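K.L.:
Everything below, folded, please.
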Amino acid sequence: MKLETLITKAWQREALWLWLLLPLSALYGLLTAIRRRAYQLEWLKSYRAPVPVMVIGNISVGGSGKTPLIISLVHYLQQRGVKVGVISRGYGGDTAQMPTLVTKDSLPSAVGDEPCLIVGTTGVAMAVCPNRKQAITTLLEAHGDIQLIIADDGLQHYAMQRDIEWIVVDAARGFGNRQLLPVGYLREPLSRLKDSTVIYHQKLGGPILSDSQLATDKLTMHLQPSSLEQLLAHELSQIGTDSISQPVAPKAGSTVHGVSGIGYPQRFFDTLRTLGLQVIEHPYPDHYDFSLTELWQYTEHPIVVTSKDAVKIKALWLQQQQHAASSEAAKIDQDWHALAARLWVLPVSAELSAACYQTLEQQLKALGINTALIDTAAYD
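P.N.:
Reported below is the predicted structural model:
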């Protein structure tokens, strides 16, 4: 078992042995506080972009739903005529190729899985680089009319100044033992929430955090699942698959392999169960680099993956097809096609409360970015 998986499972069950790491958490907290204060006092230099920057991030390790939130915000702003761009660290991509723009033809191995998903879904102008200043510069050089930049994560990247901060909190997961890394999974203390706009990610149909001091804000979101889609439907239609029966989407009561390489896989498995599916769980670390051989082992039942994992798996499958030239490879292709026919993806979208959009409108107006008047009730 990888160390990352071991620690994650220990956080989930709040293992007592984690408290042995308390001195490390104290040191981490001290260094984090000193670093942030150094930027506030301008002892360390920070970069101010020529256009407003909105950071979407979290104070905990693991997924909180920020990528679907960013996609929804981009759609919302695009529909209202705001020229929006996105930057990201490009985690999982090739830093030797950064800074670089992300296009619909970009590969996850080059720019990261989340940027591929964001651009593939929205078509937004986007650049990636661990150095956020370089990412912003690259983005604005290519798209000089951008009015607002959304930074995917980067909440703790204080070298980049920001005008708006939205922190996403997973209400179902909570804060665990409320300790900083590595005893707990908090990157920053809970007091950090007081400085930003907090969006509570609720489990669909579930209650918000019970802590009265943290649950007074009515800015909420939830992930709304869509219908299952065949991951490689278009690709399979382009090749001869007569030997493979036409796949049918899994229905309620069906058993599926749930494969997830996101920050909090349990949320994905729980969502599948809300659709009535019987789930065989296969959790992987966040941003995991899958191989087709790995997926090949999951036989007998359909395989359902997240949208983020789907962009990587699709790229892998297309690369495999490009290398299938010999007669032996052609024989193997039939097995690959059978695997492709078993692959399904569950798209989700972030549904925000009306208060979220009202807050966004107020924040943008304060920055001189005006949008058309809207009926926020339509987004409740």
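K.L.:
Neighbours of the residue lying closest to L204 once chain neighbours are set aside, how many?
P.N.:
Nearest residue to L204, sequence neighbours excluded (C-beta to C-beta, 6 or more residues apart in numbering): H222, at 4.9 Å. C-beta coordinates here come from the backbone N, C-alpha and C atoms, glycine included. When neighbours are counted by other C-beta atoms under 10 Å, H222 registers 21.
K.L.:
contacting residues for H222?
P.N.:
201-204, 350-351 (C-beta atoms under 8 Å, 6 or more residues apart in numbering).
K.L.:
could you point out which element follows the longest helix along the chain?
P.N.:
As assigned by DSSP state H, the longest helix anywhere in the chain is helix 22-40. Using DSSP states H and E, the next helix or strand after helix 22-40 towards the C-terminus is strand 53-57.
K.L.:
hmm, who's touching that following strand?
P.N.:
Outside strand 53-57, the residues that reach it (C-beta under 8 Å, 6+ apart) are 66, 69-70, 73, 136, 148-156, 160-168, 363.
K.L.:
In its sheet, which strands sit next to it, and in what direction?
P.N.:
strand 148-152 (parallel), strand 164-170 (parallel) (DSSP bridges).
K.L.:
in the helix or strand that that strand is followed by, what's buried?
P.N.:
Where DSSP H and E defines the elements, the next helix or strand beyond strand 53-57 is helix 66-79. Under the neighbour-count criterion of 16 or more other C-beta atoms under 10 Å, helix 66-79 has 66-77 buried.
K.L.:
Past helix 66-79, which element shows up next along the chain?
P.N.:
Taking DSSP H and E, what comes next after helix 66-79 is strand 84-88.
K.L.:
export that following strand as PDB, just CAs?
P.N.:
In PDB, the C-alpha atoms belonging to strand 84-88 read as follows (Å, rounded to 0.1, in the frame of the first residue of the first chain):
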ATOM      1  CA  VAL A  84     -13.000  34.900 -18.500                       C
ATOM      2  CA  GLY A  85      -9.800  32.900 -18.500                       C
ATOM      3  CA  VAL A  86      -8.500  30.100 -16.200                       C
ATOM      4  CA  ILE A  87      -5.000  29.300 -14.900                       C
ATOM      5  CA  SER A  88      -3.800  26.200 -13.100                       C
END
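K.L.:
which strands and helices sit next to that strand?
P.N.:
Here strand 84-88 touches helix 66-79, helix 113-122, strand 125-128, helix 132-142, strand 148-152, going by 3 or more C-beta pairs under 8 Å, 6 or more residues apart in numbering; DSSP states H and E.
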